[in-house]
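**Student:** My questions are about this predicted structure, shown below with the sequence.
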Amino acid sequence: MSAENEPGTSRQQSSSNQKVKLAALAGFLALTAIIAAIVVLTSSSDDDGPEVPQLSTAEMEELAAPINAELDGLPQYGYVLGDITAPAKVLVFADISCTDCTPLFDELVPALRDKVADKDVQIELQSLGNTKNGEVAAAIAIEQGNSGHLWNFVGLLFAIQNQTGSNRVSDAYLVQVAEASGGGGEEGDSHEGHNHDEEGGELDMLVQGSKHLATSHGVADTDLAVLVGPSDRDNFKVISANLAEFDLDRILEAVDKQLKD
């Protein structure tokens, strides 16, 4: 009897083949679990709106062009658009995940542009992260403020969310938005979690600080609130507490009154 036909050898080969099949099955199941986890991490969110195809960089840059043109020539210092010594301040609280907050850039900024350029008015934008994705986006917006691009980034993000009707975006996609708006971070930067290092912890505190400031002014959880007051003290009047109340004429009247006081 040959070795090939020995019962012991056949059993060993059968056992070996079974182990190979089990190993392959385990590998397949592990890969399936990893893919499922990635899908959950990138798509699960408490944000409203359907999943939409992400815009290409070229499409983002096309949307960014008019926003950047409107902001061109106006200084940016962190959250502030305009000269930080301007006597009147327009304080804006905006949910950075808002899909309908384009009036901030379509109406308010153009209407106040000359006063901002003349150093009469400054506009401060506090980005609120009222959703899971919003906290990530707000932190990246703060980072863009460090390089003088916060307003460009938020303006482009609002335009994209308005065009697509969705605010569901990944961390990597937000970095792509930052780069298309003229800012961006160092290659390999990670924004997931925001508490993975000292810088992330500082961003977390700043994001929470904006929320606390909104609460102190009575506009917590707003989508878009506009306040007007003097730049040298914390004495602001709420002109519109949310997007539904947004009234450009009332805001401009409040600004003119503040400049006369």
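**Tutor:** Structure received. Residues are numbered from 1 along each chain as shown.
**Student:** quick one: stretch 151-164 to chain centroid distance?
**Tutor:** 9 Å (CA atoms, centre = their mean, to the nearest Å).
**Student:** Grab the nearest non-local neighbour of the most centrally placed residue in the chain.
**Tutor:** The chain has A137 as the residue nearest its centroid, 2.2 Å off, counting by CA atoms, centre = their mean. Leaving aside its chain neighbours, A137 sits nearest to I96 (4.5 Å; criterion: CB to CB, 6 or more residues apart in numbering). The C-beta positions use only the backbone N, C-alpha and C, and glycine is treated the same way.
**Student:** ok, now how distant is that neighbour from Q54?
**Tutor:** According to CB to CB, to the nearest Å, I96 stands 17 Å off from Q54.
**Student:** more neighbours, those two?
**Tutor:** I96 (30 against 17; other CB atoms under 10 Å).
**Student:** Would you mind measuring from the more buried one to Q161?
**Tutor:** In terms of CB to CB, I96 sits 9 Å off from Q161.
**Student:** where does this structure dip in pLDDT?
**Tutor:** 1-53, 184-200 (pLDDT under 70).
**Student:** Show me the domain layout of it.
**Tutor:** 3-43, 57-260 (automatic domain parsing).
**Student:** which of those sits most buried?
**Tutor:** Among the domains of the chain, ranked by average contacts under mean count of other CB atoms under 10 Å, first place goes to domain 57-260 (a mean of 19).
**Student:** Strands along the stretch 151-261 of the chain, start to end?
**Tutor:** 224-230, 237-240 (DSSP state E, counting those that start in this stretch).
**Student:** my guess is Q161 meets T99, correct?
**Tutor:** Yes: between Q161 and T99 there is a contact under CB atoms under 8 Å: 4.4 Å.
**Student:** so who does I251 touch?
**Tutor:** Shown in contact with I251 (CB atoms under 8 Å, 6 or more residues apart in numbering): 90, 108, 111, 226, 228, 239-240.
**Student:** and the gap between it and G218?
**Tutor:** Taking CB to CB, one finds I251 at 17 Å from G218.
**Student:** how about V116, what does it touch?
**Tutor:** 74, 81-83, 86, 122-123.
**Student:** How much space separates it from Q122?
**Tutor:** 7 Å.
**Student:** tell me, what's touching those two both at once?
**Tutor:** Common neighbours of V116 and Q122 (CB under 8 Å, 6+ apart) are 81-83, 86.
**Student:** can I get those in a markdown table with distance to T131 and secondary structure?
**Tutor:** Shown next, in a markdown table, are these (distance: CB to CB, whole Å; DSSP: H, G, I helix; E, B strand; the rest coil):
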| residue | distance to T131 | secondary structure |
| --- | --- | --- |
| L81 | 24 | strand |
| G82 | 29 | coil |
| D83 | 33 | coil |
| A86 | 32 | coil |
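**Student:** what are the ranges of the helices in the stretch 151-261 of the chain?
**Tutor:** 171-180, 198-216, 248-260 (DSSP state H, counting those that start in this stretch).
**Student:** How far away from the center of its chain is the second one?
**Tutor:** In this view, helix 198-216 has its centroid 14 Å away from the chain centroid, taken as CA atoms, centre = their mean.
**Student:** Send me that helix as PDB with only the CA atoms.
**Tutor:** The C-alpha coordinates for helix 198-216 follow below in PDB (Å, rounded to 0.1, in the frame of the first residue of the first chain):
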ATOM      1  CA  GLU A 198      -2.700  68.500  23.400                       C
ATOM      2  CA  GLU A 199      -3.700  70.500  20.300                       C
ATOM      3  CA  GLY A 200      -6.900  68.500  20.000                       C
ATOM      4  CA  GLY A 201      -7.700  69.100  23.600                       C
ATOM      5  CA  GLU A 202      -7.300  72.800  23.100                       C
ATOM      6  CA  LEU A 203      -9.600  72.700  20.100                       C
ATOM      7  CA  ASP A 204     -12.200  70.900  22.200                       C
ATOM      8  CA  MET A 205     -12.100  73.600  24.800                       C
ATOM      9  CA  LEU A 206     -12.500  76.300  22.200                       C
ATOM     10  CA  VAL A 207     -15.500  74.600  20.600                       C
ATOM     11  CA  GLN A 208     -17.100  74.200  24.000                       C
ATOM     12  CA  GLY A 209     -16.200  77.800  24.800                       C
ATOM     13  CA  SER A 210     -18.300  79.000  21.800                       C
ATOM     14  CA  LYS A 211     -21.300  76.900  23.100                       C
ATOM     15  CA  HIS A 212     -21.000  78.500  26.500                       C
ATOM     16  CA  LEU A 213     -20.800  82.000  25.000                       C
ATOM     17  CA  ALA A 214     -23.900  81.300  23.000                       C
ATOM     18  CA  THR A 215     -25.700  80.100  26.100                       C
ATOM     19  CA  SER A 216     -24.600  83.200  28.000                       C
END
